[in-house]
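Undergrad: make a model of this:
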Amino acid sequence: MSLRINNLLNMDPGDSDKLLHVEGWVRTKRDSKNFCFFEINDGSSLKNLQVILDKTNEEIIVIIDKISTGASVEFIGELVESPGKNQKVELKAENVILWGESPAESYPLQKKRHSFEFLREIAHLRPRTNTIGAVTRVRSALSFAIHSFFQSNDFLYIHTPIISASDCEGAGEMFQVTTLPLDKVPKGKDGLIDYNQDFFGKQANLTVSGQLEAEIYAMAMKNVYTFGPTFRAENSNTSRHLAEFWMIEPEMAFCTLDGDMAVAEDFLKYIFSYVMEHCQEDMEFFNKWIEKGLTDSLRSIIDSPFSHMTYTEAVKELQKDSSQFEFPVTWGADLQSEHEKFLTEKVFNGPVIVTDYPKEIKAFYMKMNDDGKTVRAMDVLVPRLGEIIGGSERENRHDVLLNRIKEWGLNKEDYWWYLDLRKYGSVPHAGFGLGFERVIQYVTGMQNIRDVIPFPRTVKNAEF
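TA: Reported below is the predicted structural model:
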């Protein structure tokens, strides 16, 4: 394998005693009488490598004339000291291979700043831009950090199903999976769809969460986690919603809400620290061009202990200044982003974990408190964003869980196996969920969630 450009930029002249083969895509080309100067990039770094090619013969001149911005090339040459101030080394090339031309008159990425809206229309080319390239490297680093955290803490990685017959959240916003002919859907005598003729013999959907299935393995393996795609058919055309996104969901047996909160705090600090250490160049870019003060805000979270308060305490605190909020603050209503940001930025000046929410605004599987009104839920709130993690201690009592399923109007037969777990060796257990794209947004300062996932799936949009 040839060396990547990020490695070459950190080398010293003379580190290699053989000719180097450097591959990439042309960012800029500058021609002169005897030389041609190129800036090339291979996605491994924000910085480009400067290449100087001597116009030594007609064959090379013919190739040079065909090279323009966006072309894929391979240069063969020697790494030498650069006389310029912006780079330590450059490649003095002896030869060049043009792998793929890029007609200058039609190449969409010109040497100017393009809007993110425009770049979404050319998602097949936008990874070649500085911003999306940096997002991609941070996304990759965060993925590695997530696995590293859980693996180093003896969690097992569980692959939960993409196709599911149960609705974890109970909201019904699911994408249906079927092989039934849509132009002539078979129906039974009762006039309802006859799912016996469908592939799975029952209604099936794309999963909204791997949590319930992860709980199965937590009841045998103790500590597990999932990290995979999830789907929500939520008709929300906003900068914070996707129809397809990735979720991180750990589940821990013999664990209460206190343990859940401790793991969530350690987890966030670990992945933030990792990306700050391993993506310094990209983080400096985001701090300068996307969100001023970004790196300082991340360091403050890494260095600060998380504050704690109950939902009831949060409501009382917010009601002191309720006139400044667009949404009213009342006990029983869910906290809005403006409320969450106020708590983190004005009250605590840092991250806070809010616990014990009203049962009506949280999922059926969350453990009931003794007051009969609240559940052992927790949301981790951070400055600039609000909620970044949602979790809870799970209801481990069979009779209480069965009542909650009935209260939600869910079909208990769809959850027979979930109820079964409460019959055979049930234990206190807890977990949380973290939307991966929301984390990337937070770490990079990017304003639209569609710009932190390679190919966004949103309402009326399934291109690429």
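Undergrad: just so I have it, where are all the helices in this structure?
TA: 5-9, 58-66, 116-121, 130-152, 211-221, 257-278, 280-289, 294-303, 311-319, 337-342, 398-407, 416-420, 436-444 (DSSP state H).
Undergrad: return the most buried member of those helices.
TA: Comparing those by mean neighbour count (mean count of other Cβ atoms under 10 Å), helix 436-444 ranks first with a mean of 23. Every C-beta, even on glycine, is put in place using the N, C-alpha and C of the backbone.
Undergrad: returning to what we had before: closest to residue 72 out of the helices of the chain?
TA: helix 58-66 (11.8 Å; Cβ to Cβ).
Undergrad: output the contacting helices and strands for the closest one.
TA: The contact analysis (3 or more Cβ pairs under 8 Å, 6 or more residues apart in numbering; DSSP states H and E) places helix 58-66 against strand 49-54, strand 89-100.
Undergrad: check what contacts that helix and list those residues.
TA: Here helix 58-66 makes contact (Cβ atoms under 8 Å, 6 or more residues apart in numbering) with 31, 36, 53, 54, 55, 95, 96, 98, 101.
Undergrad: return the most buried member of the helices and strands packed on helix 58-66.
TA: Of those, strand 49-54 is the most buried (mean count of other Cβ under 10 Å), at a mean of 20.
Undergrad: now the closest residue to residue 329 other than its chain neighbours: how far from residue 84?
TA: Leaving out its chain neighbours, the residue that sits closest to residue 329 by Cβ to Cβ, 6 or more residues apart in numbering is residue 318, at 4.3 Å. When distance is defined by Cβ to Cβ, to the nearest Å, residue 318 is 55 Å away from residue 84.
Undergrad: nearest to residue 354, out of the helices of the chain?
TA: Residue 354 lies closest, by Cβ to Cβ, to one member of those: helix 311-319, at 5.2 Å.
Undergrad: just the CA trace of the closest one, in PDB.
TA: Coordinates of the C-alpha atoms in helix 311-319 are reproduced here as PDB (Å, rounded to 0.1, in the frame of the first residue of the first chain):
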ATOM      1  CA  TYR A 311     -37.400  16.600  36.700                       C
ATOM      2  CA  THR A 312     -39.500  18.100  39.500                       C
ATOM      3  CA  GLU A 313     -36.500  20.300  40.600                       C
ATOM      4  CA  ALA A 314     -35.800  21.300  37.000                       C
ATOM      5  CA  VAL A 315     -39.400  22.400  36.500                       C
ATOM      6  CA  LYS A 316     -39.300  24.500  39.700                       C
ATOM      7  CA  GLU A 317     -36.000  26.100  38.500                       C
ATOM      8  CA  LEU A 318     -37.400  26.900  35.100                       C
ATOM      9  CA  GLN A 319     -40.600  28.300  36.500                       C
END
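Undergrad: so what touches that helix?
TA: Outside helix 311-319, the residues that reach it (Cβ under 8 Å, 6+ apart) are 309, 325, 329-331, 335, 339, 342-343, 347, 354-358, 374.
Undergrad: pLDDT on it, on average?
TA: Averaging pLDDT along helix 311-319 gives 97.
Undergrad: quick one: it to chain centroid distance?
TA: Relative to the mean C-alpha coordinate of its chain, helix 311-319 is positioned 30 Å out (Cα atoms, centre = their mean, to the nearest Å).
Undergrad: do the same with stretch 72-79
TA: 35 Å.
Undergrad: from residue 267, how far off is residue 433?
TA: Taken as Cβ to Cβ, the span from residue 433 to residue 267 is 12 Å.
Undergrad: surely residue 166 and residue 416 touch.
TA: No: in this structure, residue 166 is not within contact of residue 416 by Cβ atoms under 8 Å, at 9.9 Å.
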